[in-house]
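>>> Please find the sequence and the predicted model below.
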Amino acid sequence: MLLGTIYVFAPYVSNVVIGDPIHGQTLISGWHKTAGIIIALTAPFLGAATDRMGRRKPLLALFTAALALTMIVQWWAMPGAQGLPLWALGLAVTSSGVMFVYTEVLHNAMLTRAAPPKQLSLVSGLGLSLGNAASVLLLVFVLVTMALPGQIDLPFLPEAPLFGLDPAKFEPSRIVTLLCAAWLIVFAVPLFLYTPDLVTTGERFGDAMRHGVGNVMRTLRKLRDYKNVALFLIARMLYADGKTAILIFSGIYAAGTMGWGLIEMLAYGIILTIFAVLGGFVGGWLDHTIGPKRAVVIEIGVTFVCLIAMVSMTATSMLFFIPVDPAARAWEGPIFNTVPQLAYLGFAVVIAISITAAYASSRALMARLAPEGMEGEVFGLYALSGSATAWLGPMLVEYFTDAYESQRAGFASIVILLIAGFVLLLFVQPPKRHEH
C-alpha cells in the first residue's frame, strides 16, 4: 500500500496521468473522500456481523482477493486517455480503499486472539514494523531494478529496467500496482494458515449483517455506559483522520512542491519506511514505559509539529518566509541536494516514526479499552473512528486545495484534525495495566 497510495503511484497519477499537481490533489482527495463515506456506512456492520458468525478468515480471504484485483486494474492508468478513463481509475482507487479497510476490520478483530493481553502492545507494534520492513524491500527492489537502470550508470545496476519495462510509457511507475497485489497475496497465506480463528456459529452472512445492524445500534447505545471508550473513539476519529490524510497526501505534496520524480519518490519512500519500522517499536516501548494514553498524546504532538514544519517548506522557501535560491546546493549528491529538500526529508522522517508509533499505540489502547466479548463490534467502531471516517481528511484537503488553488493550503488543513483529536484525547481515562 505504501508503494501505491503514498510514494509512487499516487504522485504518478497526480503529476502525470492528471498532469496538474493542484487538480490532481483535489481529484484524489475526492476519491478517498468517497471511499471514506462508503466505509463509514458499512464497516461497523461488518465487524458486528463477523462477531455473530464467529470465523473471520472466509470473509478476510474474499476481501483480500478483491483488494488485490482493484490494485491490478490500476496498472492501466496512463496519461492522455490511453488506458483507464479517469472515472474508472477513480473507481479502482476508491474500491481499493474500501477493501483495505474491510480487511483491517477483520484482522484487527483477530488481534486479541493472537496474543495475551500483556503482549498486545508489542505484537501490535511488531506487526506494523514488519509491514514497513517489507515495504522497504519492495521500494529498494523497484529502485534498483526498475527506476535507476538507464538513468544512472553503476556497476551493480542492470542496463535497462527489469522485465523490459518501458520508461517512456511510465511502466516503472505503473508496475508497482502489480507488485503490491502479488505481495499482498503471497504474504497473506501465512495469516490464513497459522493464525487462530474462532469457531463458526453457523449463522449465514446475510442474517448476520441484518442482525449486525441491530447489534451496532445496541453497541452505540451501550457506549453511553462506556463513555471512556466513546470519547476515545471520537478522539481517534479525528486524529487518525489527520494521520491517514498525511500518509495519503505527503507524497503527492512532495512530488508537486519539490518537483520530485520516480527516483526521488522511491528514495524518499525507502528512507521514511525504514524509520517507520522503528516507529512500531517506539510505540510499543512508549506504551509499556509510560502507558498507552500518554504514548498516543506524545505521538500526536510530534506529528503536529512536524506537519507544520513540512508545510513551511517549498523548493524556494523555508519556514514560510525565508527565501532560498533553488539553484544553491547543500551537497553534490544526485537527489535531495538543496536545504529545503533536506529539511523536508528530515521532518518527514520524524513524522513517519510518530505516525507508525501512534497507530501501534492506538490499536493496543483500543484492545485494552474494549469490553470483553465486544471486541469485534468495538473494532468495527474503531475502524469507523479511523479509516471509516477518512472522508473527513480528504474533504478538508480537497476543499482547501481547490478554494485556494494551493497544495500547501490543502496539506496544511490537516492540522485541524490533529488539534481536535489531541484535545479530546486528554480527557480519556487510561486503562488499567494488565498483570498477566
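Received it, and whenever you're ready, just let me know what you need.
>>> which regions of the stretch 1-150 of the chain lie under the pLDDT threshold?
1-5, 51-54, 81, 108-129, 132, 150 (pLDDT under 70).
>>> Mind doing that once more with 50?
In the predicted model of the stretch 1-150 of the chain, no residue satisfies pLDDT under 50.
>>> can you give me the helices in it?
Counting by DSSP state H, counting those that start in this stretch, the segments of the stretch 1-150 of the chain that form helices are 9-12, 21-53, 57-73, 86-109, 111-114, 120-142.
>>> which strands and helices sit next to the first one?
Contacts defined by 3 or more C-beta pairs under 8 Å, 6 or more residues apart in numbering; DSSP states H and E place helix 9-12 against helix 171-194, helix 227-258. For the C-beta atoms, the positions are set from N, CA and C on the backbone; glycine is no exception.
>>> before we move on, back to that, could you point out which of the helices of the stretch 1-150 of the chain sits nearest Ser406?
When those are compared by C-beta to C-beta, helix 21-53 sits nearest Ser406, at 7.1 Å.
>>> What residues sit buried inside the closest one?
21-22, 24-40, 42-53 (16 or more other C-beta atoms under 10 Å).
>>> Equivalent analysis for stretch 413-420, please.
Ser413, Ile414, Val415, Ile416, Leu417, Leu418, Ala420.
>>> Show the contacting residues for the fourth one.
Contact analysis of Ile416 by C-beta atoms under 8 Å, 6 or more residues apart in numbering lists Gly242, Leu396.
>>> name the element it belongs to?
According to DSSP states H and E, Ile416 maps onto helix 415-425.
>>> can I assume Ala147 is in contact with Leu262?
Yes - counting by C-beta atoms under 8 Å, Ala147 touches Leu262, with 5.1 Å between them.
>>> what is in contact with those two at once?
Pro172.
>>> so which of the helices of the stretch 1-150 of the chain comes closest to Ser173?
So among the helices of the stretch 1-150 of the chain, helix 9-12 is nearest, using C-beta to C-beta, at 4.2 Å.
>>> Let's see that closest one as PDB, backbone CA atoms only.
C-alpha atoms of helix 9-12 as PDB (Å, rounded to 0.1, in the frame of the first residue of the first chain):
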ATOM      1  CA  PHE A   9       1.600   5.500  -7.800                       C
ATOM      2  CA  ALA A  10      -0.500   8.400  -6.300                       C
ATOM      3  CA  PRO A  11       2.100  11.000  -7.200                       C
ATOM      4  CA  TYR A  12       2.400   9.500 -10.600                       C
END
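>>> what sits up against that helix?
3-4, 28, 74, 77, 170, 173-174, 176-177, 248, 251-252, 254-256, 260, 262, 265.
>>> And these, which of them are buried?
3-4, 28, 74, 77, 170, 173-174, 176-177, 248, 251-252, 254-256, 260, 262, 265.
>>> so how far is stretch 328-344 from its chain's centroid?
In terms of C-alpha atoms, centre = their mean, to the nearest Å, the centre of stretch 328-344 is set 27 Å apart from its chain centre.
>>> and Leu106, how many residues sit next to it?
25 (other C-beta atoms under 10 Å).
>>> Just to check, it is in contact with Leu60?
Yes - counting by C-beta under 8 Å, Leu106 touches Leu60, with 4.3 Å between them.
>>> hey, what's in contact with both of the two?
Going by C-beta under 8 Å, 6+ apart, no residue sits against Leu106 while also sitting against Leu60.
>>> all strands of the stretch 301-436 of the chain, in order?
Remark: strands assigned in the stretch 301-436 of the chain by DSSP state E, counting those that start in this stretch are 317-318, 322-323.
>>> check contacts around Met310.
Met310 neighbours (C-beta under 8 Å, 6+ apart): Ser250, Tyr253, Tyr344, Phe347, Ala348, Ile351, Phe411.
>>> Give me the number of neighbouring residues for the last one.
Going back to what we said before, that points to Phe411. 26.
>>> Between the helices of the stretch 1-150 of the chain, which one is closest to Ala182.
helix 57-73 (8.1 Å).
>>> Buried deepest among the strands of the stretch 301-436 of the chain, which one?
strand 317-318 (a mean of 16; mean count of other C-beta atoms under 10 Å).
>>> Contacts for that one next, please.
Counting by C-beta under 8 Å, 6+ apart, Ser312, Pro323, Val324, Val339, Pro340, Ala343 sit against strand 317-318.
>>> tell me the mean pLDDT over it?
When pLDDT is averaged over strand 317-318, the result is 86.
>>> and what of stretch 180-199?
80.
>>> closest one to Ala367 among the strands of the stretch 301-436 of the chain?
strand 317-318 (41.2 Å).
>>> Extract the C-alpha set from the helix or strand where Ile300 lies and format it as CSV.
Ile300 belongs to helix 292-311 when elements are defined using DSSP H and E. In CSV, the C-alpha atoms belonging to helix 292-311 read as follows (Å, rounded to 0.1, in the frame of the first residue of the first chain):
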residue,chain,number,x,y,z
PRO,A,292,-0.8,3.8,26.1
LYS,A,293,-2.7,7.1,26.6
ARG,A,294,0.5,9.2,27.3
ALA,A,295,2.2,7.4,24.4
VAL,A,296,-0.5,8.5,21.9
VAL,A,297,-0.6,12.1,23.3
ILE,A,298,3.2,12.4,22.7
GLU,A,299,2.9,10.8,19.2
ILE,A,300,0.1,13.2,18.1
GLY,A,301,2.0,16.2,19.4
VAL,A,302,5.2,15.2,17.4
THR,A,303,3.1,14.7,14.3
PHE,A,304,1.5,18.1,14.6
VAL,A,305,4.9,19.9,14.9
CYS,A,306,6.4,18.0,12.0
LEU,A,307,3.4,18.7,9.8
ILE,A,308,3.7,22.4,10.3
ALA,A,309,7.4,22.3,9.5
MET,A,310,6.8,20.2,6.4
VAL,A,311,4.2,22.6,5.1
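>>> Run the chain-centre distance for it.
Using C-alpha atoms, centre = their mean, the offset of helix 292-311 from its chain centre is 16 Å.
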